[in-house]
Structures are given as structure tokens and as C-alpha cells.
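K.L.:
Sharing a model that was predicted from the sequence below.
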Amino acid sequence: MTQSSNILRAGLLALATLATAYAGGEGWTSDFEAAKKQATAEKKDMLLDFTGSDWCGWCIKLNKEVFQEEAFKTGVKDKLVLVELDFPKDKSKLSDETQAQNAKLGKEFKVRGYPTIMLCDATGKPFAQTGYQAGGPEKYLTHLNEFIAAREKRDAAFAAAEKATDNAGKAKCLVEGLQALDNGIVEGYYADVVAKIGELDPADSTGYVKERQEAAAKKEAAAASQNKVQEFMRATLGPLMQAKDFDQAAAAAATFIKENPDLDDMAKINISLSSNMPGLIEKGDADAAAKFIDEMVAAYPNPQFAAQADRIKTMVKQQIEAKAQQGEE
């Protein structure tokens, strides 16, 4: 084979590699800044796919069922610039620069799981977040189009705010723009706009600033409560369970719940079950376990827990029977 043929063959191989470099196939880029420039030039939004292309089952499923389908590619080509931000196990798939970019963006967009799909305008400002959705490309396109319509409402309201002649009118328009978006997106990425509303309308005539402040305080309190529960489970309950000091574990759990009345019902239920069920299973007392679960249903009338109560009883009974069988052997 001639040198020219070798060069041609290498070039074709490189092109083939580029064409299959992205999990979703052709039409994707991994360069965020280049994607912003393209989105600006073509007047499009961006779809950011935070994925684990070689290990995340739901990511692979989303690619196969949606992103690789021609119906999806056709449906988004005039609306979205597609950006794959991959976190593969095989790091050799990405350059050091791309890995650094993806890690930075993962933090900026507060990615906690995969796949995370962020929809952003051409400036990189998010206006929606989603993930895997069953139903194929057509249903997914409908899902995305609803978000794009919300962004259009946001933009129209923000444009109206620019034209409004009085501060109260400007504030009202900005509120309308934010109300087109999901509250989680607003909390995460629009603090500057909420602050601007407060400046324009100090009396908070719409009540929107107060609403957002209360929501933020509630979210912060929930996070603090969750951290407190996790610390109790780790530092107190865990060692007692490991030592099989079940009576002390149950007592500690009851005290913790009494001293933290603001815990939500599901937290109280989980703590109670975690501290009491192992001891009852150890004793082999299925009747006492079933009675305790009924007491939890009565004490905390949570529909979700009530619906699962019989299944939990069955699982506990099966564990007791399996333990008894192992003892006989």
C-alpha cells in the first residue's frame, strides 16, 4: 500500500472516529463556548447532556431511544445546539481540557445525577432541567418544546420590562417572566432577577419576593433537617445497630424524634423503622413487627407509607423466616 493510501486511510479512520465520538451520534459538540457562539449566530437554544456514556444505564437508554433517532435530530435541528458533557469511566475518550471543562460545568449547573439535561439560552442561562423520559423521540420533543415555549414567555416578559415606564410595571413584568419557569430553576439561577424585582418594587406589591424568600427558607430548613438526620444515623444509631444494642437504639431514636418535632413524617417513620425493625427481626417476632408497623401508620398518617405498610410487613416476615431457616441449617 502506498504512502498516499496510508494517509487517506488514516484520514478516513479519523473522520469515522469523529462521527461516532458522541453517544448521540452526529450533530453534537463537546465545546461549550463554541456551542454558545453557534447558538447566538443561529438564534438557537442549547441542550446540555450531562452523561456517563459508558456506564450510566439511563443515559445509554436516553441516547438509544431518543437522541440517536432521526425524528429527534430532525425535530431539534432548527431549535437547539446539542452539547454532550460526558463523564465516562474511560477517561481516554476525552482530552484533559474537555474533562476540566465538564467538571467545571458540572459544578456550575449543580449536577447531582445522570443524565441531567439542561436547556439554556445562547448566553448559557438555564431555563429548564430534565432527564430521561419514556416514550421515544416524539414525546421527548413535545417535552422540550414546552420548555422552549416557557423560555419564549420569559423573554417576552423580560422585554416588556425593558419597555415599561415605571418601576412597579417593570417589576411586574419580571415576575411574569420568572413565573413561566420552574421554581427550582429560578432558585438556582435567577437570584439576580429576584433581587432586581425587590429593588424596583420595595413594597413587594406582587408578593413574589416574599414567596421566593419563604421557599428558600423552607428549602434551607429541609436541608438542615436532612443533615441532622444523617448525622444521627451515622454517629449514634449506626454504632448501636452494629453492636446489636437494639433496645438502646430504639430509645435513642425515640428521644431524637421527640427533640426534633419539626422533622417531616417520613423522616420520623424511617428513623423508627431503622431503629426498631432489626431488633424484632433478630428476636424473630413477626407479630410484634407487624404491630409496630400498624402503630407507625396510626401515628403518622402518611399515604405513601400506609400504601407500603403491608409490603413492609411481608418483607420483614420473609427476613425472619429466612433467618430461622439458616439457624436450623
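P.N.:
That came in fine, so what should we check first?
K.L.:
Which SSE is immediately downstream of the helix or strand where residue 216 lies?
P.N.:
Using DSSP states H and E, residue 216 falls within helix 208-232. For helix 208-232, the following helix or strand on the C-terminal side (DSSP H and E) is helix 238-242.
K.L.:
Show me what that following helix is packed up against.
P.N.:
Applying 3 or more C-beta pairs under 8 Å, 6 or more residues apart in numbering; DSSP states H and E, one finds that helix 238-242 contacts helix 246-259, helix 265-283. C-beta: built from backbone N, CA, C; applies to glycine.
K.L.:
for the shortest one, which positions count as buried?
P.N.:
So that's helix 246-259. Neighbour-count burial for helix 246-259 flags 246, 248-250, 252-253, 256-257 (criterion: 16 or more other C-beta atoms under 10 Å).
K.L.:
ok, residues contacting the helix holding residue 216?
P.N.:
For helix 208-232, the surrounding residues in contact (C-beta atoms under 8 Å, 6 or more residues apart in numbering) are 175, 178-179, 183, 186-187, 194, 197-198, 201, 204, 256, 260, 262-264, 267, 271.
K.L.:
For PyMOL, write the selection for the buried entries among those.
P.N.:
The following PyMOL line selects those of the contacts of helix 208-232 that are buried, judged by 16+ other C-beta under 10 Å:
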select buried, resi 175+178+186+194+197+198+201+256+263+267+271
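K.L.:
re the thing from before, select, out of the helices and strands packed on helix 238-242, the one closest to residue 95.
P.N.:
Across those, residue 95 has its closest neighbour in helix 265-283 (43.9 Å, C-beta to C-beta).
K.L.:
tell me which residues of the helix or strand following that closest one are tucked away?
P.N.:
Along the chain past helix 265-283, the next helix or strand (assigned with DSSP H and E) turns out to be helix 286-299. Neighbour-count burial for helix 286-299 flags 286, 289-290, 292-293, 296-297 (criterion: 16+ other C-beta under 10 Å).
K.L.:
next one: helix 286-299 to chain centre, how far?
P.N.:
Its chain's average C-alpha position is 34 Å from that of helix 286-299, according to C-alpha atoms, centre = their mean, to the nearest Å.
K.L.:
Name the surrounding residues that touch stretch 49-61.
P.N.:
For stretch 49-61, using C-beta under 8 Å, 6+ apart, the contacting residues are 23-24, 28, 62-63, 67, 82-90, 93, 102, 105-106, 109, 111, 114-118, 131-132.
K.L.:
residues contacting residue 292?
P.N.:
Contacts for residue 292 (C-beta under 8 Å, 6+ apart) come out as 276-277, 280.
K.L.:
go on, residue 48?
P.N.:
Contacts of residue 48 (C-beta under 8 Å, 6+ apart): 32, 83, 85, 105, 109, 117-120.
K.L.:
Extract the residue ranges of this protein that are flagged as low pLDDT.
P.N.:
Under the criterion pLDDT under 70, the flagged ranges of the chain are 1-24, 328-329.
K.L.:
Skip the chain neighbours and tell me the closest residue to residue 249.
P.N.:
residue 240 (4.0 Å; C-beta to C-beta, 6 or more residues apart in numbering).
K.L.:
The one you found reaches residue 250, doesn't it?
P.N.:
No: between residue 240 and residue 250 there is no contact under C-beta atoms under 8 Å: 9.1 Å.
K.L.:
quick one, strands of this structure?
P.N.:
Using DSSP state E, the strands assigned to the chain run over residues 28-29, 45-51, 80-86, 116-120, 126-130.
K.L.:
for the fourth one, which positions count as buried?
P.N.:
Translated: strand 116-120. Across strand 116-120, burial judged by 16+ other C-beta under 10 Å covers 116-120.
K.L.:
helices or strands up against that strand?
P.N.:
Applying 3+ C-beta pairs under 8 Å, 6+ apart, one finds that strand 116-120 makes contact with strand 45-51, strand 126-130, helix 136-163.
K.L.:
how far off strand 45-51 does that strand point, in degrees?
P.N.:
With axes from the mean of the first three to the mean of the last three C-alpha atoms, to 10 degrees applied, the angle from strand 116-120 to strand 45-51 works out at 160 degrees.
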